[in-house]
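> sequence-free structure coming up:
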């Protein structure tokens, strides 16, 4: 059972990937997409948790651009706060296996002050 309503309406009807100019379209996305549950409740979480939904839940709700920040050990982070190892790729694969035709843009980068993994 889904935690959210399944997003089964064609998101970009008639999309022709051969004619798609990626910088000419609007992509609904989230900032610090994988920060749900980051930090300590009532202490650091109010300042670091940008999203309260999991990656999968965001995709079901219509997000198609994910901004994921990592640190050297490839754990999700937001500034100096690190999160648990989030299954970002697993959530994307799960969503894609349940849909017919989607384009997901996954931006993975290091947070300021962290070295590339």
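Thanks, I have it. Quick caveat: nothing in here was measured; it's all calculated off a predicted structure.

> The chain: strands as residue ranges?
Taking DSSP state E as the test, the strands found in the chain are 29-30, 65-70, 77-78, 81-82, 105-110.

> Please work out which residues outside the lowest-mean-pLDDT helix or strand in the chain touch it.
Every helix and strand in the chain was compared by mean pLDDT, DSSP states H and E; the lowest is strand 81-82, with a mean of 72. Applying Cβ atoms under 8 Å, 6 or more residues apart in numbering, the contact partners of strand 81-82 are 38-39, 44, 48, 71, 75-76. No exception for glycine: its C-beta is placed from N, CA and C like everyone else's.

> got the strands of the chain as JSON lines, with distance to residue 92 and mean neighbour count columns?
Shown next, in JSON lines, are these (distance: least, Cβ to Cβ, whole Å; neighbours: other Cβ atoms under 10 Å):
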{"stretch": "strand 29-30", "distance to residue 92": "13", "mean neighbour count": "16"}
{"stretch": "strand 65-70", "distance to residue 92": "8", "mean neighbour count": "20"}
{"stretch": "strand 77-78", "distance to residue 92": "19", "mean neighbour count": "22"}
{"stretch": "strand 81-82", "distance to residue 92": "21", "mean neighbour count": "18"}
{"stretch": "strand 105-110", "distance to residue 92": "6", "mean neighbour count": "13"}
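
> Least confident of those, on average?
Ranked by mean pLDDT, the strands of the chain end with strand 81-82 at the bottom, a mean of 72.

> For the residue most central in space within the chain, give its distance to residue 41.
Nearest to the mean C-alpha position of the chain, by Cα atoms, centre = their mean, lies residue 66 at 3.4 Å. Going from residue 66 to residue 41 by Cβ to Cβ, to the nearest Å gives 24 Å.

> next one: residue 32
17 Å.

> Can you pick out the residue with more neighbours from the two?
Between residue 32 and residue 41, counted using other Cβ atoms under 10 Å, residue 32 has the larger neighbour count: 21 against 9.

> Give me the below-cutoff pLDDT ranges for the chain.
1-15, 17, 83-85, 112-117 (pLDDT under 70).

> and the longest helix for it?
helix 88-97 (DSSP state H).
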